[in-house]
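*Asks:* the following block contains a protein sequence and its predicted model.
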Amino acid sequence: YEDAATSSVANEARPPVLSRQTTHRWVNAAGASQPRPRPIRRRPSVRTQTSSTREHWGLILAVVSITLLASATIVSACRSLPTRTSTFIAGLQLQVTQDVPEIPPTGPLDQGIPQTSTILARDGSVLSEINDVRYGRRVVLPLSEISPYLVLATIAAEDRRFFTHTGVDPVSFIRALIQNATSDGVASGASTLEMQLIRNLYMPDEKTEQNLSRKLREAVAAYRLDERASKAQIIETYLNSVFYGNQSYGAEAASQRYFGTSARDLSISEAALLAGLPQSPVAYDPLTRFDQAKRRQEHVIELMVQADMISAEQAQAATAAPIELRDQAGYEARFQHWVNYIADLTRSRYGPEALYTAGLRVYTTIDPMIQSLAEDVVARNEDIRVQARATNSAMVIIDPATSQILAMVGSKDFKDDSIAGQV
């Protein structure tokens with residue numbers, strides 16, 4: 001054969017060239033060029049065709065079967081999704097609600113929380129206060145006897161939407177969840193006054209825990225608390241139980257400890273300082289960290305202005321007002337022999353715990369003036385004791401008309417151990 005590119009005969013008969021590809025042609029004996037004969041193709045046998053057809057349809061059936069199976073699985077999963085979701089949610093609710101603390105159905109919200117007992121003289125003056133050594137000093141007052149400035153300052157500092165939410169503030173709660181989820185630790189608490197009450201009164205063993213489970217249980221219990229009690233009861237209980245530092249629980253104990261006055265007489269300046277303490281009683285302790293406490297007080301005053309609770313003029317005056325701290329740890333016991341006698345009588349009548357936890361006010365018959373005279377008589381008549389060859393002296397004065405004890409002196413010096421003065 002010859003190359004068609006050099007054959008004149010081939011060039012005359014060839015079709016238009018569409019590419020650079022070289023075409024080969026056969027040349028017959030007469031010198032005429034003709035196309036190369038096509039190779040003979042053999043038809044596959046019937047057996048080969050049948051095998052290929054079977055493989056083809058088998059592949060199609062396999063794909064269809066897999067598709068149908070996958071579709072059925074997806075449909076089944078989608079149909080069971082609501083049931084599974086409902087089961088999961090129900091299980092979560094059951095787990096959370098099982099551990100939600102119980103709220104007293106009736107009576108005071110703070111029942112069972114220790115209160116300071118007070119022993120008083122005939123004229124109503126305080127002879128002694130008896131506290132639970134595991135708790136601290138706590139004196140309960142009705143809301144009407146607590147300064148309204150302290151109520152407003154507390155709401156501004158701790159729970160600005162207190163009167164509008166139902167135990168849980170959704171805005172603050174969601175914000176706190178987002179902040180805590182995007183931080184290494186707990187960046188925000190978002191605790192309403194109800195949630196703080198739940199934690200302080202009914203979950204004392206978990207107060208230092210910071211996790212979602214505890215927060216959810218707090219929220220559920222706070223919602224129930226808001227249904228159980230009025231807002232007035234909630235804020236009253238909060239102000240009578242929150243810890244203000246230095247063994248002072250409640251507004252009255254804190255007011256007396258820091259300012260030497262009652263909670264009913266607090267000014268805006270004093271109320272703002274107290275309202276800032278519960279966030280961190282140690283960090284803002286006015287007795288040891290006055291500068292930090294002062295900055296916190298000024299921030300609370302700003303919050304009160306933002307909430308339209310006080311005017312700018314009132315805020316300026318409160319910020320500039322001097323703070324006079326008294327640091328009164330409590331009442332120092334008077335007439336200790338008589339106090340011990342009354343404490344023994346109270347324990348025998350009301351049980352061993354009531355005196356330390358029930359907040360009793362024990363009114364007694366002792367007359368402070370007569371008692372002071374009796375103590376002076378015993379101290380000035382030491383020679384009589386010597387003549388009587390006695391180791392100690394004592395005196396009891398009783399009103400014969402009523403049999404009431406007006407004075408009781410157990411020794412010349414209660415603190416003198418050499419004469420067993422406390423006996």
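*Replies:* Perfect, thanks for sending it.
*Asks:* any regions of the protein where pLDDT drops low?
*Replies:* 1-98, 173, 175-190, 204-211, 329-330, 413-423 (pLDDT under 70).
*Asks:* strands of that one, start to end?
*Replies:* 2-3, 24-27, 33-34, 117-120, 126-130, 137-138, 248-249, 361-363, 395-398, 405-409 (DSSP state E).
*Asks:* can you redo these as TSV with distance to residue 147 and mean neighbour count?
*Replies:* Any C-beta I mention is one placed from the backbone N, CA and C, and that applies to glycine too. As requested, the strands of the chain are arranged in TSV below (distance: least, Cβ to Cβ, whole Å; neighbours: other Cβ atoms under 10 Å):
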stretch	distance to residue 147	mean neighbour count
strand 2-3	117	12
strand 24-27	114	14
strand 33-34	122	16
strand 117-120	21	20
strand 126-130	21	19
strand 137-138	18	24
strand 248-249	16	26
strand 361-363	22	14
strand 395-398	42	15
strand 405-409	38	21
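*Asks:* among the ones you listed, which is nearest residue 387?
*Replies:* strand 395-398 (16.3 Å; Cβ to Cβ).
*Asks:* just to revisit the earlier point, among the strands of the chain, which is nearest residue 302?
*Replies:* strand 248-249 (25.0 Å).
*Asks:* which strands or helices does that closest one pack on?
*Replies:* strand 137-138, helix 251-259 (3 or more Cβ pairs under 8 Å, 6 or more residues apart in numbering; DSSP states H and E).
*Asks:* most neighbours per residue, which of these?
*Replies:* helix 251-259 (a mean of 26; mean count of other Cβ atoms under 10 Å).
*Asks:* relative to strand 126-130, how tilted is it?
*Replies:* Computed by axes from the mean of the first three to the mean of the last three Cα atoms, to 10 degrees, the angle separating helix 251-259 from strand 126-130 equals 110 degrees.
*Asks:* next, count neighbours for residue 394.
*Replies:* Neighbour count of residue 394, defined by other Cβ atoms under 10 Å: 15.
*Asks:* related to what we said a few turns ago, ok, which of the strands of the chain comes nearest residue 166?
*Replies:* strand 248-249 (26.8 Å).
*Asks:* for the closest one, which outside residues touch it?
*Replies:* Under the criterion Cβ atoms under 8 Å, 6 or more residues apart in numbering, residues 135-138, 241-243, 254, 257-258 lie in contact with strand 248-249.
*Asks:* for residue 363, see how far away residue 380 is.
*Replies:* 30 Å (Cβ to Cβ, to the nearest Å).
*Asks:* quick revisit: quick one: closest of the helices and strands packed on strand 248-249 to residue 202.
*Replies:* strand 137-138 (16.6 Å).
*Asks:* name every sheet partner of the closest one and say whether each one runs parallel or antiparallel.
*Replies:* Sheet pairing of strand 137-138 (DSSP bridges) gives strand 248-249 (parallel).
*Asks:* before we move on, back to that, how about the strands of the chain in JSON lines, adding distance to residue 306?
*Replies:* Below are the strands of the chain laid out as JSON lines (distance: least, Cβ to Cβ, whole Å):
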{"stretch": "strand 2-3", "distance to residue 306": "100"}
{"stretch": "strand 24-27", "distance to residue 306": "97"}
{"stretch": "strand 33-34", "distance to residue 306": "104"}
{"stretch": "strand 117-120", "distance to residue 306": "39"}
{"stretch": "strand 126-130", "distance to residue 306": "39"}
{"stretch": "strand 137-138", "distance to residue 306": "31"}
{"stretch": "strand 248-249", "distance to residue 306": "28"}
{"stretch": "strand 361-363", "distance to residue 306": "40"}
{"stretch": "strand 395-398", "distance to residue 306": "61"}
{"stretch": "strand 405-409", "distance to residue 306": "57"}
